[in-house]
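1. structure, please.
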Amino acid sequence: MVPTQDISEEWDTLPSSRETTHLTLTKPRLADVPALFEFLGDPEAMTHTHCDESQSECRRRIAVHEWKRRINGYAPWVIRKKNELKPIGWGGLYDDPFEPGWGIELGYYFHPGSWGQGYGTELAVAALEVADNELAVPLVTAFAHPENKASNKLLEKVGFRWQHYMPKMDRNLYIRQRPDLRI
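-> Numbers count the residues shown, from 1 in each chain. Have a look, this model is predicted:
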């Protein structure tokens with residue numbers, strides 16, 4: 001009998017952390033959950049997206065995404081300013097385990113104190129470099145609430161193209177094709 005290889009071993013070569021000009025991106029740890037819940041559970045901060053109702057729900061959502069990382073090799077990172085310990089965000093590439101069927105998506109959630117400083121763009125560029133150069137996926141999707149002007153602008157800035165409004169989701173659907181596949 002031939003031993004079977006765990007599919008997650010294929011992805012062990014993908015680094016679990018990355019650095020950008022201003023950010024450190026790492027896999028979440030349980031110890032990160034309270035700081036992440038400060039904004040992931042804040043209805044004002046999450047006005048245009050899902051808001052976790054409890055720290056337990058936040059922990060579960062992060063844990064399920066980490067389970068998907070073991071299968072797919074990617075999931076949202078905890079985002080910190082370089083040389084700082086407290087998380088300012090959570091985001092990156094993911095295959096949504098709660099609303100499947102959209103393929104690889106880019107998503108990001110930031111503490112309000114870090115809004116407007118370019119961190120979302122920096123994260124998106126890092127995530128798309130992984131999509132293009134390491135995963136070699138042809139397409140990445142993203143969603144943004146129509147009233148979230150900053151998020152819609154960010155997606156267009158990093159190469160996403162608006163497709164259409166999705167009334168049932170109350171979201172704009174964006175798609176980004178890998179640059180070498182664009183016509």
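2. would you say residue 60 is within a helix?
-> Yes. Residue 60: assigned to a helix according to DSSP: H, G, I helix; E, B strand; the rest coil.
3. sheet partners, orientation included, of the helix or strand bottoming out on mean pLDDT in the chain?
-> Confidence across the helices and strands of the chain bottoms out at strand 17-19, with a mean of 89, counting by mean pLDDT, DSSP states H and E. Taking DSSP bridges as the criterion, strand 17-19 forms sheet pairs with strand 23-26 (antiparallel).
4. just give me how far the partner strand sits from the chain centre.
-> 12 Å (C-alpha atoms, centre = their mean, to the nearest Å).
5. what lies in contact with that strand?
-> If you take C-beta atoms under 8 Å, 6 or more residues apart in numbering as the criterion, strand 23-26 is touched by 16-19, 77-83, 92, 119, 122-123, 126. Any C-beta I mention is one placed from the backbone N, CA and C, and that applies to glycine too.
6. closest one to residue 160 out of those, please.
-> Within those, the smallest distance to residue 160 is 13.8 Å, found for residue 123 (C-beta to C-beta).
7. ramachandran angles for that closest one?
-> phi -60, psi -50 (degrees, to the nearest 10).
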